[in-house]
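> Here's a sequence, model it:
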Amino acid sequence: GGNTVSQTKSMQKEGYDACQLAFGDCSTKKLTKPLKGHLKDISPKRYLREIRDMTGFELGSSIDLTLFQEGEEVKVTGNSKGKGTAGVIKRYGFKIGNMSHGGGYPHRLIGSMGGGRGTNQGIPKGKKMPGRMGNEKNTQKSVIEKIDKENQIIFLRGAIPGHKLLMVGVKCDLETLEKRGVSRQDRVIGMAKVFYQTEEKFNYTYDLVVDNTVESPSANAKNIKTNKW
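Purely as a prediction, here's the structure:
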């Protein structure tokens, strides 16, 4: 679905320019009283995100996919999968200790963490150690495979951070917009485009494109798609 501007902020009033985007229709029963009052001028939405340096929109205006084009690169931002507490071998790729030749137990310890005489004689700041892994903000580059403007669905080919059904942000790449000669205001709007929800699997079919003049099957591999995403 599309995004709706639920709040605008200005330099004169709040000290910075921003727009708050609302996404995901829901029932008013799922909203708290403060949110009901905050969204009284628009239809009930489940998710809210604030975008800095986004101007030129009024309260209640909608944002569609007109700025995106098929075949162009976009940046997808979201939280990576949380993997819990992990050791240095899984978290940073440390080498496992020798399984023989006197390696001894345990084989997966971090090893020496700080020097002795002649050094700071302590653990340096930023030392790679065991701890929580994942669940961090991450940005990946993807390519727009297809755009369904009627249903407000965007298909991406490439990596998407996080687990399934996660809220992610999709924004146009600055270099891509500069090549198209988009103005500075539109460039900011493109970066602030929509927060979409990644679906686990849904049926969506479109025409299969295969170039019969190409002899190599690998050249057609990128044109062959399945009907399940």
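
> Point out where the chain drops to low pLDDT.
Residues of the chain that meet the criterion pLDDT under 70 lie in 1, 118-119, 183-229.

> which other residues reach stretch 95-111?
With contacts defined as CB atoms under 8 Å, 6 or more residues apart in numbering, stretch 95-111 is touched by 87-89, 94, 128-130. (Glycine included, C-beta is placed from N, CA and C.)

> Can you give me the domain assignment for this protein?
1-63, 64-82+136-200, 83-133 (automatic domain parsing).

> Can I get those domains in CSV including mean neighbour count?
Output for the domains of the chain, formatted as CSV (neighbours: other CB atoms under 10 Å):
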stretch, mean neighbour count
domain 1-63, 15
domain 64-82+136-200, 16
domain 83-133, 11
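
> I figured Gly169 hits Gly78, correct?
Yes - using CB atoms under 8 Å, Gly169 is in contact with Gly78, at 6.9 Å.

> ok, the closest residue in space to Thr28 that isn't next to it in sequence - contacts?
Nearest in space to Thr28, with sequence neighbours left out and distances taken as CB to CB, 6 or more residues apart in numbering, is Pro44 at 5.0 Å. If a contact means CB under 8 Å, 6+ apart, then Pro44 has 25-28, 30-31, 36 as its contacts.

> and those residues, which of them are in helices?
Lys36 (DSSP state H).

> so which of the contacts of Pro44 comes closest to Gly181?
The closest of these to Gly181 turns out to be Asp25 (CB to CB; 35.4 Å).

> for that closest one, which residues make a bridge with it?
Lys45 (DSSP bridges).

> I'd say it and Lys45 touch.
Yes - using CB under 8 Å, Asp25 is in contact with Lys45, at 6.6 Å.

> longest strand of this protein?
strand 137-148 (DSSP state E).

> Start from the N-terminal end of the protein and give the helices.
Using DSSP H, the helices of the chain run over residues 33-38, 88-92, 174-179, 184-191.

> so what secondary structure elements neighbour the second one?
Read that as helix 88-92. With contacts defined as 3 or more CB pairs under 8 Å, 6 or more residues apart in numbering; DSSP states H and E, the packing partners of helix 88-92 are strand 131-133.

> Partner strands of the strand it packs on and their direction?
For strand 131-133, pairing defined by DSSP bridges yields strand 84-86 (antiparallel).

> chain center to the strand it pairs with, what's the gap?
Offset of strand 84-86 from its chain centre (CA atoms, centre = their mean, to the nearest Å): 22 Å.
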